[in-house]
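**Q** Fold the following.
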Amino acid sequence: MGKEISQAVIRRMPRYYRYLGELLDEGVERISSNELSVKMKVTASQIRQDLNNFGGFGQQGYGYNVQYLYSEIGKILGLEQQHNIIVAGAGNLGQALANYSNFEKLGFIIIGLFDINPNLKGTTVRGVPIMMLDELEEFATTHKIDIAALTMPKDTADPLANRLVKLGIHAIWNFAHLDLDLVEQDVVVENVHLSDSLMQLSYNMLQNQKEHHKEYQKEQQLEQQKEKKL
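**A** Numbers count the residues shown, from 1 in each chain. Model prediction:
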């Protein structure tokens, strides 16, 4: 059995891939863990530990070959192959996903959009036609679907997710604001709760404000002490 990699490490891998891609665009051929740590705001030790989970890839005294490391992380993330995606729910969020062209650069190709609104039938988003959900089964028989992005309202998300699983789709990118209750457990689900992310941002903003307030109070106390001495 292979070594189990923590989710914290896995969450950092796309960041490594993104930063290494930027370095390639800048013409950088090699980089040390210390230099990469400055760019990523992760300690050099953490970077080395993360990459050692997958074999290391570095050479002492030389650092990392940027092109090689970029390619290897791409393989780890499964980006060397194309992934076909359908979007179930072609409202504002679903259409925004379909309009994001950078997915294609990573090998994620949106091949179908589905909705229940008859007014959307036949309209296209970046050349992809919007079909009705009752056409989903027929579409699945003629197309290879790797991932389903679920952007339907929460009250319809569970039955639709189980319907997708029955069609043989084993990866769901879930934007519905609930944790899916799937009958079939052999399914990979990535939950994206946008409001959770916004609440985390609010918390961090509040903590930042408190920290600045503390620093301001210290400065005021120091000024008062100086005035008393004078």
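**Q** can you give me the strands in this structure?
**A** Secondary structure of the chain by DSSP state E: the strands cover 30-31, 64-65, 83-88, 108-115, 124-125, 128-132, 147-150, 171-174, 188-191.
**Q** just these: most buried one?
**A** strand 147-150 (a mean of 24; mean count of other Cβ atoms under 10 Å). Quick note: C-beta positions are derived from backbone N, CA and C, even for glycine.
**Q** Could you export that one as PDB, CA atoms only?
**A** This file holds the C-alpha atoms of strand 147-150, laid out as PDB (Å, rounded to 0.1, in the frame of the first residue of the first chain):
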ATOM      1  CA  ILE A 147     -16.400  15.100 -13.900                       C
ATOM      2  CA  ALA A 148     -19.700  16.600 -13.300                       C
ATOM      3  CA  ALA A 149     -19.900  20.200 -11.900                       C
ATOM      4  CA  LEU A 150     -23.000  20.500  -9.800                       C
END
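**Q** all helices in this protein, in order from the N-terminus.
**A** 7-25, 33-40, 44-52, 66-76, 92-99, 102-105, 136-142, 154-166, 194-229 (DSSP state H).
**Q** Just the terminal-to-terminal distance for stretch 129-149.
**A** 16 Å (Cα to Cα, to the nearest Å).
**Q** go on, stretch 130-137?
**A** Start and end residues of stretch 130-137 are separated by 15 Å (Cα to Cα).
**Q** among the helices of the chain, which is nearest T123?
**A** When these are compared by Cβ to Cβ, helix 92-99 sits nearest T123, at 9.4 Å.
**Q** residues of that closest one that come out buried?
**A** Neighbour-count burial for helix 92-99, counted by 16 or more other Cβ atoms under 10 Å, picks out L93, G94, Q95, L97, A98.
**Q** which residues touch the nearest residue to P118 once chain neighbours are set aside?
**A** Distance criterion Cβ to Cβ, 6 or more residues apart in numbering; nearest residue to P118, sequence neighbours excluded, is M132 at 7.1 Å. M132 sits next to F114, D115, I116, P118, K121 when contact means Cβ atoms under 8 Å, 6 or more residues apart in numbering.
**Q** for G21, same thing?
**A** Neighbours of G21 in contact, by Cβ under 8 Å, 6+ apart: Y70.
**Q** Could you let me know which of the buried residues of helix 92-99 ends up closest to D25?
**A** For those, the nearest to D25 is L97 (24.6 Å; Cβ to Cβ).
**Q** That closest one touches A148, doesn't it?
**A** No - applying Cβ atoms under 8 Å, one finds L97 not in contact with A148, separated by 11.6 Å.
**Q** Mind listing the shared neighbours of those two?
**A** V87.
**Q** quick one: low-confidence ranges for the protein?
**A** 1-3, 59-61, 229-230 (pLDDT under 70).
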